[in-house]
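In: Predicted model and sequence follow; I will ask about them next.
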Amino acid sequence: MQIIPLAAVASQTLKVVLAQQNCVLNVYQQSTGIYLDVILEGETILAGVLCRDRVRCVRQAYLGFIGDLAFMDTEGTDDPVYSGLGSRWVLMYLSPEDLIEKTTSTSIDFQTRINAANAWASAHPLVLTGALNNGVRGVPYSSSITLQGQMNSSAISWSVVGSLPAGLSLDSRTGVVSGTPTAGLTIVSFTLTAKDNLGRTATSAQTVKIGQTFTMATSLPGIMSLTRPSIGTYFDPAAVLQVAANDQPRFDYDPVTLALRGLLVEEQRTNLLLRSSEFGNASWSKTRMSVVEDVAIAPDGTTSMDLLVPTTVSGSHQISQSVAVSGGSINALSFYVKAAGYNFVRLRIGDSVGYLVNAIADLANGVITNPSAASKIEPIGNGIYRLSMSATASVGATTLSLGVWVYDNSKAAEFVGDGVSGIYVWGAQIEAGAFPTSIIPTTSAQVTRAADVASITVPSGFTTLTYDYDDGTSLQETVSTGAHTIPTPVAPKRIKTISVTA
């Protein structure tokens, strides 16, 4: 048996689930008494039934209604009047089990059953516990809290006092709050109310925080800023290497796939080499090598790649440059290269103490043929690759030397050049650090790129920042309200998204 809660009004409509039946009940006062309409699964099966005390309303099984409905006067035997609905007169749903009678002359003892229901309800108060989950703008959301003290088979009606976060709604039958939040960095408080068939209610004050994920694409969100008191380089959506002005954020793209990689945030670095793309200059020593300047399209879209041409004199063919370093320091070398008749190029790092590391790259197949520690080849597009490697200077060393050899297609270290074929080169760089960063062009002096200092203003009530990087890794921080400096990635990677959550 269930008691269907009614209000003391002259006309009301209730949506209830009775024995898994979706029902609409119209209860209304006329001059001759209270009348009832029953709509079952969208179809009206009873209309204008006069309601009497302890008299079943449906009765006919052919109507397809499981169970029955009846009013009861809890203070006597009078027929119902709207002013006493929900208090003196109660509307009960009688399950098929409630309708089983011991004999055809025995009436159902409604009062005993109501008393039993009231005793059970008194021993099992209706209570709401738990808290709704927090959410993120644009991410599908579904959450509910726990209801305790519900009588078996009783229907629950849920409602909300106040406003839910934008984009969310409450299911009045299940109590589930769901939807997709449309406003980020918001904190919304409201009250959930559950009401059962006995007319009991339970309330729970809730606060839901909706975070937000920012994609690092074309501009920084309003809660972020970036400073860098120098220029910096990055690839644009057309795979052209661009120069960003001071304090301009760099949204970097993959030069091959043209996919957005994210916000480039780098530490301070200095290119120790001079004339980084001017290999005909005297800063570069040449052995059995001639240089034809500015003959091929470079990554920055200008015709500034130089051609290294092995001479027709037999032997090894190389260019080199030395820079001052501290003994024991780790340094990264990088170089842009493209085949121009010969397909093999060797990079070598040595210091004032001796040879350190080298790597040979096969430009026809885009691979390192003798992988050494931290050597790497990256396609840039248009047949250009960026070669890189790192080495630790010997203890006591004072200089570091970069050597670039051109090999013939048999990878012979010594051969006779044809005087025409060679390797295109551009953008040489040696920098103190374990990995190469974005290219820092130089001319007659070393150039320092200042550090990118990115910061975010964390709104009150939010404590977690999550950074997703283009290499598939992520970093999460617990932070305080206010300005927070974003950590610089410890490897060459970009920030794809930043999530601000509770």
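Out: Ah, there it is.

In: thinking Val161 is in contact with Thr193, fair?
Out: Yes. The criterion here is C-beta atoms under 8 Å, and Val161 meets it with Thr193 at 6.4 Å. For glycine as for every other residue, the C-beta is placed from the backbone atoms N, C-alpha and C.

In: joint contacts of the two?
Out: Thr203 (C-beta atoms under 8 Å, 6 or more residues apart in numbering).

In: In terms of neighbours, single out the busier of those two.
Out: More neighbours surround Thr193 than the other of Val161 and Thr193, with 16 against 10 (other C-beta atoms under 10 Å).

In: any idea which helix or strand carries that one?
Out: strand 186-196 (DSSP states H and E).

In: Break down the stretch 251-400 of the chain into its strands, ranges please.
Out: In the stretch 251-400 of the chain, the strands defined using DSSP state E, counting those that start in this stretch lie at 251-253, 260-263, 269-271, 285-287, 289-297, 303-310, 318-324, 330-340, 344-351, 355-362, 367-368, 376-381, 384-392, 399-407.

In: again with the stretch 51-200 of the chain
Out: Counting by DSSP E, counting those that start in this stretch, the strands of the stretch 51-200 of the chain are 68-73, 89-94, 127-129, 135-136, 141-143, 146-148, 156-161, 168-170, 177-179, 186-196.

In: closest one to Asn246 among the ones you listed?
Out: strand 135-136 (33.9 Å; C-beta to C-beta).

In: for the record, mean pLDDT for that closest one?
Out: Strand 135-136 carries an average pLDDT of 98.

In: elements contacting it?
Out: With contacts taken as 3 or more C-beta pairs under 8 Å, 6 or more residues apart in numbering; DSSP states H and E, strand 135-136 sits against strand 201-215.

In: angle of the strand it packs on against strand 186-196?
Out: On the basis of axes from the mean of the first three to the mean of the last three C-alpha atoms, to 10 degrees, strand 201-215 is oriented at 150 degrees to strand 186-196.

In: Which strands border strand 201-215, and is each parallel or antiparallel?
Out: Strand pairing for strand 201-215, determined by DSSP bridges: strand 135-136 (parallel), strand 186-196 (antiparallel), strand 495-501 (antiparallel).

In: what about the longest one, distance to the chain center?
Out: When C-alpha coordinates are averaged (C-alpha atoms, centre = their mean, to the nearest Å), strand 186-196 and its chain have centres 27 Å apart.

In: can you check stretch 203-215 too?
Out: 15 Å.

In: repeat for stretch 416-431
Out: For stretch 416-431, the distance to the chain centre is 44 Å (C-alpha atoms, centre = their mean).

In: Buried residues, that stretch. List them.
Out: Gly417, Ser421, Gly422, Ile423, Tyr424, Val425, Trp426, Gly427, Ala428, Gln429, Ile430, Glu431 (16 or more other C-beta atoms under 10 Å).

In: Could you tell me which of those are located in strands?
Out: Among the buried residues of stretch 416-431, the members found in strands (DSSP state E) are Gly422, Ile423, Tyr424, Val425, Trp426, Gly427, Ala428, Gln429, Ile430, Glu431.

In: Ser322: which of those residues is nearest?
Out: Looking across these and measuring by C-beta to C-beta, the closest to Ser322 is Ile430, at 9.7 Å.

In: pLDDT value on the closest one, please?
Out: 97.

In: Tell me how far the spatially closest residue to it that is not a sequence neighbour lies from Ser401.
Out: Leaving aside its sequence neighbours, Ile430 sits nearest to Leu272 (C-beta to C-beta, 6 or more residues apart in numbering; 4.6 Å). The gap separating Leu272 from Ser401 is 11 Å, by C-beta to C-beta, to the nearest Å.

In: Glu414 too?
Out: 20 Å.

In: Between these two, tell me which one has more neighbours.
Out: Using other C-beta under 10 Å as the criterion, Glu414 and Ser401 rank with Ser401 on top: 18 against 12.

In: Was I right to think that one contacts Val325?
Out: No. Using C-beta under 8 Å as the test, Ser401 is too far from Val325 to be in contact (9.9 Å).

In: Need the overlap of contacts for the two.
Out: Counting by C-beta under 8 Å, 6+ apart, the residues touching both Ser401 and Val325 are Asp351.

In: Closest to the mean position in the protein, which residue would that be?
Out: Taking C-alpha atoms, centre = their mean as the criterion, Thr213 is the residue nearest the geometric centre of the chain, at 5.9 Å.

In: Spit out the contact partners of it.
Out: Contacts of Thr213 (C-beta under 8 Å, 6+ apart): Val136, Arg137, Gly138, Val139, Gly184, Thr497, Ile498, Ser499, Val500.

In: What pLDDT is listed against the residue lying closest to the third one once chain neighbours are set aside?
Out: Closest residue to Gly138 in three dimensions, ignoring its sequence neighbours and counting by C-beta to C-beta, 6+ apart: Thr180, at 6.5 Å. Among the per-residue scores, Thr180 shows a pLDDT of 98.

In: Return the members of the contacts of Thr213 classed as buried.
Out: Val136, Arg137, Gly184, Thr497, Ile498, Ser499, Val500.

In: For these, could you give me a markdown table that also reports distance to Leu69?
Out: Formatted as a markdown table, the buried ones among the contacts of Thr213 follow (distance: C-beta to C-beta, whole Å):
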| residue | distance to Leu69 |
| --- | --- |
| Val136 | 46 |
| Arg137 | 46 |
| Gly184 | 48 |
| Thr497 | 56 |
| Ile498 | 58 |
| Ser499 | 52 |
| Val500 | 53 |
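
In: Verify the stated contact: Leu220 with Asp247.
Out: No. Applying C-beta under 8 Å, one finds Leu220 not in contact with Asp247, separated by 10.9 Å.

In: what is in contact with the two at once?
Out: By the contact definition C-beta under 8 Å, 6+ apart, Leu220 and Asp247 are jointly contacted by Leu226.

In: returning to that earlier point: let me know which of the strands of the stretch 51-200 of the chain is the nearest to Arg228.
Out: Proximity to Arg228 (C-beta to C-beta) singles out strand 135-136 among those, at 29.6 Å.

In: wait, what's in contact with Gln206?
Out: Contacts of Gln206 (C-beta under 8 Å, 6+ apart): Ala131, Leu132, Ile145, Ser189, Phe190, Thr191, Leu192.

In: And Ser276, by the same measure?
Out: Contacts of Ser276 by C-beta under 8 Å, 6+ apart are Gly427, Ala428, Gln429, Ile439, Ile440, Pro441, Thr442, Thr443.

In: Understood, closing this out.
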